[in-house]
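In: Can you look at this prediction? I've put the sequence above it.
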Amino acid sequence: MIFAYVIMPDHSHVITDGTKEMTDVLRYLNGVSAKRVIDYLKANGHESSLVKLRIQERDNKHKHSVYQHHPNGIRLAGEASLFQKIQYLHLNPVRANLVDHPNEYSFSSARQLHGRQLENEPLCTDHQQISWRK
């Protein structure tokens, strides 16, 4: 389940829960998104961007790497910590001067948590599964 996310130009944040190990979830999310980025760059002729992502393998073959390979994940314990981290990640685009309000940023779950979901959200969350205390 994905509770909250934000995809920034140079990094991303996701708050998730499930039975998989954190490293497996990060590897899967990074793998899927990196493949989509690389496929998009190849399909649209962005060779200069691909060159920047190119790393050399054995036998002079090349592959591409979108992410640095030191993911850092933390476990959240408690409702206060969860709420604070959701607020923190939704404010990333505001702190980066990309938008004035979190709901204005396209690649974020902020609108969904504020009850202002668009028809074409890039990724729908499972935030309604959270049982907040009153």
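Out: Alright, I've got the coordinates.
In: drop to CA atoms for contacts and neighbour counts, all remaining ones
Out: OK.
In: So which elements touch the longest helix along the chain?
Out: For the chain, the longest helix by residue count, based on DSSP state H, is helix 22-43. Applying 3 or more C-alpha pairs under 8 Å, 6 or more residues apart in numbering; DSSP states H and E, we find helix 22-43 packed against helix 47-53.
In: again, only this time at 10 Å
Out: The contact analysis (3 or more C-alpha pairs under 10 Å, 6 or more residues apart in numbering; DSSP states H and E) places helix 22-43 against strand 12-16, helix 47-53, strand 62-64.
In: who wins for proximity to residue 115 among the ones you listed?
Out: Nearest to residue 115 among these is strand 12-16; the distance by C-alpha to C-alpha comes to 18.1 Å.
In: quick one: contacts of the closest one?
Out: With contact meaning C-alpha atoms under 10 Å, 6 or more residues apart in numbering, strand 12-16 is reached by 1-7, 22, 25-26, 29-30, 73-76, 82, 85-86, 88-90, 92, 107-109, 125-127.
In: ok, now stretch 38-47?
Out: Against stretch 38-47 from outside (C-alpha under 10 Å, 6+ apart): 33-37, 48-50, 53, 63-66.
In: Counting neighbours, which of those comes out on top?
Out: Neighbour count (other C-alpha atoms under 10 Å) singles out residue 50 as the most crowded of the contacts of stretch 38-47, with 19 neighbours.
In: Hmm, residue 34 and that one touching each other?
Out: No - the pair residue 50 / residue 34 is not scored as a contact, 11.8 Å apart, by C-alpha atoms under 10 Å.
In: anything in contact with each of those two?
Out: Common contact partners of residue 50 and residue 34 (C-alpha under 10 Å, 6+ apart): 64-66.
In: The helix or strand residue 85 falls within: which residues count as buried?
Out: Per DSSP states H and E: residue 85 is located in helix 79-90. Neighbour-count burial for helix 79-90, counted by 16 or more other C-alpha atoms under 10 Å, picks out 82, 85-86, 89-90.
In: for stretch 5-16, same thing?
Out: For stretch 5-16, by 16+ other C-alpha under 10 Å, it's 5-8, 13-16.
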